[in-house]
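**Student:** how does the following fold in three dimensions:
(chains A and B)
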Amino acid sequence: MEMTEPTAVALDNATVAFRLADGRVYTAVEQANLSVAHGEFVAIVGPTGCGKSTLLNVAAGLLKPAAGTARIFDKPLAGLNRDAGYLFQADALFPWKTAIDNIAIGLEIRGTPRAEALERAHKWLASVGLGAFANRYPHMLSGGQRKRVGLAQVLIRDPKILLMDEPFGPLDAQTRQIMGNLLLELWTADRKAVLFVTHDLEEAIALADRVVIMSAGPSARIIGDWRIALPRPRDISEIRMEKDFHALHREIWSVLKDEVMKGYEQSSQAGAA
Amino acid sequence: MSRLTLLSLQVLVAVVVLVLWQVFSSVPVFGKILLPPFFFSNPVDVFSQIVTWFSTGVIWKHLAITLWESILAFVIGSAGGILVGFWFARQPRTAAVFDPYVKMANSLPRVVLAPIFALWFGLGVWSKVALGVTLVFFIVFFNVYQGVKEVSTTVLDNGRMLGMNERQLMRHVYWPSALSWMFSSLHTSVGFAVVGAVVGEYLGAAAGLGYLIQQAEGVFDVAGVFAGMFVLSAFVILIDMGVTVVEKRLLVWRPTAARRD
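**Tutor:** Numbering: from 1, shown residues only, chains lettered A, B, ... in the order given. Predicted coordinates for the structure are as follows:
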């Protein structure tokens, strides 16, 4: 990485530990070093339960690392990361607000007059393809539609950093591809630093500039970092057919596979115990 | 079953019961009247009593008093429940300290408080309101407490990441969540407000539906007792229908409320 570029997110030797109910300390992530340059799309891939989301929560300021530091645009992070927008894995929309109000709220709490907030929210709703659904409540929308609203809710605040925690995890395969293309389209228009957590290696390669691999937990570490030099603009469904894509996939998978097996064994042992 | 069939069947039940009541209270079966009119009256007398009440207009005053007491009990009880519910949910230590006393107060059958309230607040409106408040308060309190506690952590984190401060979280996250819980128990709490008012009136008052029933009972006017009961039922059903309308408007965002009926 060139030193001239401003680093949007930098984790230096970040260790995250939780105190368990029985008093023992569980180390989720150990000495993670990770940096996301301004405008760069980085995907974190790892086996289930390896602490990918934990790392994301550290970058968001929702979690404090037990050791090491998190820096945002070269300033140490204290409290919540005000430069970041966070797209959660679970449903995070306010169920008592309509789609349009869910999107406008980010501006309203910042003091933007309601009329202006609504006008801009309508534009965002249209750009995620839900122009006709302004007055629907979240429960009246499908899973994919809720994710679109969530994306607009985060992006309307124009955060410099976008943190995404398996955002398309619960969606079906086709909807995931559509959402992936939508995300790339919105990201290309206004390049933000993106930290994208997923367990799907194909999705990671198709979307990202860099793919970071984590080992199985506990005490998960970052064990690999690949630059994805595939040309942009990309189409998620087509890029999977390319030869370069396959070569990268094979290379990264050979490392990831062992960790996935380890993670699987650990979780099945934990289940048996 | 079509709406019409259902409605006619429902009406049929009432007709059958009333006819049986009328027959058994006026026609001897094997030389014996099964429902002696002194204890059971009969539908015709009860109906004429109701007609008299409404035609002379006596009933309106009593209905108005009971309605007013119920409204006051509901408003004051809810306000208290919301306030304390919020306070306890946001201050777990306070909640822990008061927990045994809350449980104790809630387990007390509220009727035994009526004489105390009559002593403190007199025989007027306020002793009935106080009784209703003790009933409404706990329902609203428990629901609001639960509503604030059960806010999804993801929604809360989302609010924080969108830049909400504590006050904004209160307004956009905690408050709607607590209200939705409170509204889900709206039927119960409104019902209890009426119960408080009527029981209070029954135990000592100068006006109201409970007073009317108690007066009739005092002179062995069984027709009057039944007439009072029927008017009270109709009154509660009307209020409940009003609550349903309010509920539907306020909880449109909830999947359960929207899909009901």
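**Student:** chain B contacts on the stretch 1-150 of chain A?
**Tutor:** Of all the residues in the stretch 1-150 of chain A, those in contact range of chain B (C-beta under 8 Å from any C-beta of the partner chain) are A:60, A:62, A:80, A:82, A:84-86, A:88, A:90-98, A:105-106, A:109-110, A:137-140. No exception for glycine: its C-beta is placed from N, CA and C like everyone else's.
**Student:** counting only strands, which of those residues make the cut?
**Tutor:** Assigned to strands by DSSP state E, the following of the residues of the stretch 1-150 of chain A next to chain B qualify: A:A84, A:G85, A:Y86.
**Student:** for the biggest helix by length in chain B, name the packing helices and strands.
**Tutor:** What stands out as the longest helix in chain B, according to DSSP state H, is helix B:58-90. Where contact means 3 or more C-beta pairs under 8 Å, 6 or more residues apart in numbering or on different chains; DSSP states H and E, helix B:58-90 is packed against helix B:92-107, helix B:125-149, helix B:175-184, helix B:186-203, helix B:209-218, helix B:222-250.
**Student:** average pLDDT for that helix?
**Tutor:** Helix B:58-90 shows a mean pLDDT of 93 in the predicted model.
**Student:** equivalent analysis for stretch B:120-138, please.
**Tutor:** Confidence over stretch B:120-138, taken as the mean pLDDT, stands at 93.
**Student:** what do you get for stretch B:161-181?
**Tutor:** Mean pLDDT, taken over the full extent of stretch B:161-181, equals 91.
**Student:** what lies in contact with that stretch?
**Tutor:** Under the criterion C-beta atoms under 8 Å, 6 or more residues apart in numbering or on different chains, residues A:60, A:62, A:80, A:82, A:84-86, A:94, A:96-97, A:105-106, A:109-110, A:153-154, A:157, B:82, B:85-86, B:89-90, B:143-144, B:146-148, B:150-151, B:155-156, B:159-160, B:250-251, B:254 lie in contact with stretch B:161-181.
**Student:** stretch B:42-55 too?
**Tutor:** With C-beta under 8 Å, 6+ apart as the criterion, stretch B:42-55 contacts B:18, B:21-22, B:25-26, B:35, B:37, B:58-59, B:223-224, B:226-227, B:230-231.
**Student:** closest to B:G200 among these?
**Tutor:** Taking C-beta to C-beta as the measure, B:V231 is the one of the contacts of stretch B:42-55 closest to B:G200, at 17.3 Å.
**Student:** ok, how many other residues are close to the closest residue to chain B within the stretch 151-273 of chain A?
**Tutor:** Proximity of the stretch 151-273 of chain A to chain B (C-beta to the nearest C-beta) peaks at A:R157, 6.7 Å away. Counted with other C-beta atoms under 10 Å in any protein chain shown, residues neighbouring A:R157 total 18.
**Student:** enumerate every residue touching it.
**Tutor:** Neighbour list for A:R157: A:G85, A:G106, A:L107, A:R110, B:L162, B:G163 [criterion: C-beta under 8 Å, 6+ apart].
**Student:** follow-up on the earlier one: and the longest helix of chain B with helix B:209-218, angle?
**Tutor:** Direction vectors for helix B:58-90 and helix B:209-218, defined by axes from the mean of the first three to the mean of the last three C-alpha atoms, to 10 degrees, enclose an angle of 130 degrees.
**Student:** check which residues of helix B:58-90 are buried.
**Tutor:** Within helix B:58-90, the residues scored as buried using 16 or more other C-beta atoms under 10 Å in any protein chain shown are B:59, B:62-63, B:65-67, B:69-74, B:76-78, B:80-82, B:84-89.
**Student:** which of the three states applies to A:P65?
**Tutor:** Three states are possible here, and by DSSP: H, G, I helix; E, B strand; the rest coil the one that applies to A:P65 is coil.
**Student:** on that earlier part again, closest to chain B out of the ones in strands among the residues of the stretch 1-150 of chain A next to chain B?
**Tutor:** Proximity of those to chain B was ranked by C-beta to the nearest C-beta; the top entry is A:Y86 with 4.2 Å.
**Student:** correct me, but that closest one touches A:L155?
**Tutor:** No: judged on C-beta atoms under 8 Å, A:Y86 makes no contact with A:L155 at a distance of 11.6 Å.
**Student:** of those two, which one has the most company?
**Tutor:** A:Y86 (28 against 23).
**Student:** can you give me the distance of the residue nearest to that one when sequence neighbours are not counted to A:L195?
**Tutor:** The spatial neighbour of A:Y86 that comes closest, neighbours along the chain excluded (C-beta to C-beta, 6 or more residues apart in numbering or on different chains), is B:M161 at 4.2 Å. The span separating B:M161 from A:L195 equals 13 Å under the rule C-beta to C-beta, to the nearest Å.
**Student:** repeat that for B:K103.
**Tutor:** Using C-beta to C-beta, which is the criterion applied here, B:K103 is 47 Å from A:L195.
**Student:** show the low-confidence segments of chain A, by residue range.
**Tutor:** A:1-5, A:270-273 (pLDDT under 70).
**Student:** name the SS class of the residue nearest the centre of chain A, please.
**Tutor:** What sits nearest the mean C-alpha location of chain A, by C-alpha atoms, centre = their mean, is A:M164, with 1.9 Å. In the three-state summary, A:M164 is assigned as strand, counting by three-state DSSP.
**Student:** who in chain B is up against chain A?
**Tutor:** Remark: the part of chain B in contact with chain A comprises B:152, B:154-155, B:157-165, B:168, B:172-173, B:176-177, B:180, B:252-255, B:258, using C-beta under 8 Å from any C-beta.
**Student:** could you redo the last one with a cut-off of 6 Å?
**Tutor:** Contacts of chain B with chain A, taken as C-beta under 6 Å from any C-beta of the partner chain, map to B:154-155, B:157-158, B:160-164, B:168, B:176, B:253, B:255.
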